[in-house]
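Q: Got a predicted structure plus its sequence, pasted below:
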Amino acid sequence: MDIEEGMARKIVLSIVAVVLFIVSFIVVGTSFSADGGLSSTGGLGLLGALVGFILLMGALGLYFASQD
């Protein structure tokens, strides 16, 4: 099965962004855990990771749109 030129790059960049999102959630979760729960600072860290992921995916979308 052949894929379009440049599609492999889009797939790899998207997968890297998702892996970074998952790793950031794991790092924040393990760094800010307290008594089996998450501290308020950890909650803000998770919110920051989520916002960063949304901005990263938006930036990737704009990059991909400019390449077509």
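A: Yes, it's here.

Q: just the strands in the chain please.
A: Counting by DSSP state E, one finds strands in the chain at the ranges 33-34, 37-38.

Q: Out of the ones you listed, flag the one nearest residue 5.
A: Between residue 5 and the strands of the chain, the tightest spacing by CB to CB is seen for strand 37-38, at 43.9 Å. Quick note: C-beta positions are derived from backbone N, CA and C, even for glycine.

Q: Report the central residue of the protein.
A: By CA atoms, centre = their mean, the chain has its centre lying nearest to residue 21, at 3.0 Å.

Q: Report the contact partners of it.
A: Contacts of residue 21 were listed using CB atoms under 8 Å, 6 or more residues apart in numbering, and they are 49, 53, 56.

Q: picking that back up, looking at the strands of the chain, which is closest to residue 4?
A: Between residue 4 and the strands of the chain, the shortest separation by CB to CB is 41.9 Å, and it involves strand 37-38.

Q: So for residue 11, what's the nearest residue that isn't a sequence neighbour?
A: residue 3 (8.0 Å; CB to CB, 6 or more residues apart in numbering).

Q: Give me the contacts around the helix or strand bottoming out on mean pLDDT in the chain.
A: None of the helices or strands of the chain scores lower by mean pLDDT, DSSP states H and E than strand 33-34, at a mean of 82. Contacts made with strand 33-34 from outside it, assessed by CB under 8 Å, 6+ apart, are listed as 39, 42.

Q: Kind regards, and thank you for your time.
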